[in-house]
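1. I need the structure of the sequence given here:
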Amino acid sequence: MSSIPSPDLSDRTPVHRHHVDGFGEVRLVPVDPDADLDLLYAWVTEERAKFWGMNGYTREEVHETYTFLDGLTTHHAFLAVLGGRPAALFQTYEPEADPLGECYDVRPGDHGVHLLIGPAHGGQPVANFSSGLIIALIDYILTDPGRRRIVVEPDARNERAIERLRRVGFVLGPEIDKPEKRARLAFLERADAEAAVKAVSHR
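-> Numbers count the residues shown, from 1 in each chain. The predicted model follows:
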């Protein structure tokens, strides 16, 4: 995995920092569609990222997608940075402004997320790599008191991701049909999210 290019993130101002005990500090920085294109293209087109739904995209299509997202006020993309290196791609969105909003009954305060875990640093497994990143990202979502419930919709075939979410505390909902996939809804109420963060973190 060392051949995957890593953008220089040293001068990019984080929107959030969070320390997970035994894991380290995770910083969230906004995606720059131009500067991050090599990394984004490498990550989203890997076979391991097949459930992300962009395996067949060209570099130009990846760039167009994230440039479009960058211009929206309802959808945002971030890189989660651990030890100075990108560790995950994190996207947030308002369900009522997304096609997902047509697939379930959106509640006030719902906040949708997508998460693509990057390759382990140095290609070596890192203890609690996925769960540590998820906790840091949940903590960011909680910074807005208006966000009352986190909504995710992984591919229904992605058993590893679904189990990962369940371990954090997400409650599994029904499967839904979207144009690009059959997805499994899962929800994390704010109180449960706060408890999950408190159990393993300090600010």
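2. which SS class is the closest residue to residue 23 other than its chain neighbours?
-> Closest residue in space to residue 23, ignoring its immediate chain neighbours: residue 132 at 3.6 Å, by C-beta to C-beta, 6 or more residues apart in numbering. Placement of C-beta: from N, CA and C, glycine included. Three-state call for residue 132 (DSSP: H, G, I helix; E, B strand; the rest coil): helix.
3. Would you mind confirming that residue 24 is in contact with residue 83?
-> Yes. The criterion here is C-beta atoms under 8 Å, and residue 24 meets it with residue 83 at 6.4 Å.
4. Spatially central, which residue of the chain would that be?
-> residue 115 (2.3 Å; C-alpha atoms, centre = their mean).
5. Confirm it sits in a strand?
-> Yes. Under three-state DSSP, residue 115 falls within a strand.
6. That one bridge partners, please.
-> residue 90 (DSSP bridges).
7. Just the pLDDT for it.
-> We have a pLDDT of 94 for residue 115.
8. residues near the residue nearest to residue 23, how many?
-> 25 (other C-beta atoms under 10 Å).
9. got the contact list for it?
-> Contacts for residue 132 (C-beta atoms under 8 Å, 6 or more residues apart in numbering) come out as 20, 22, 23, 24, 26, 82, 200.
10. Can you say which of the residues you listed are buried?
-> 20, 23, 26, 82, 200 (16 or more other C-beta atoms under 10 Å).
11. is it true that the fourth one touches residue 24?
-> Going back to what we said before, that points to residue 82. Yes. Contact criterion C-beta under 8 Å: residue 82 and residue 24 qualify, at 5.8 Å.
12. thinking again about what came up before, what about the buried ones among the contacts of residue 132, which are in helices?
-> Those of these mapping onto helices are residue 200, per DSSP state H.
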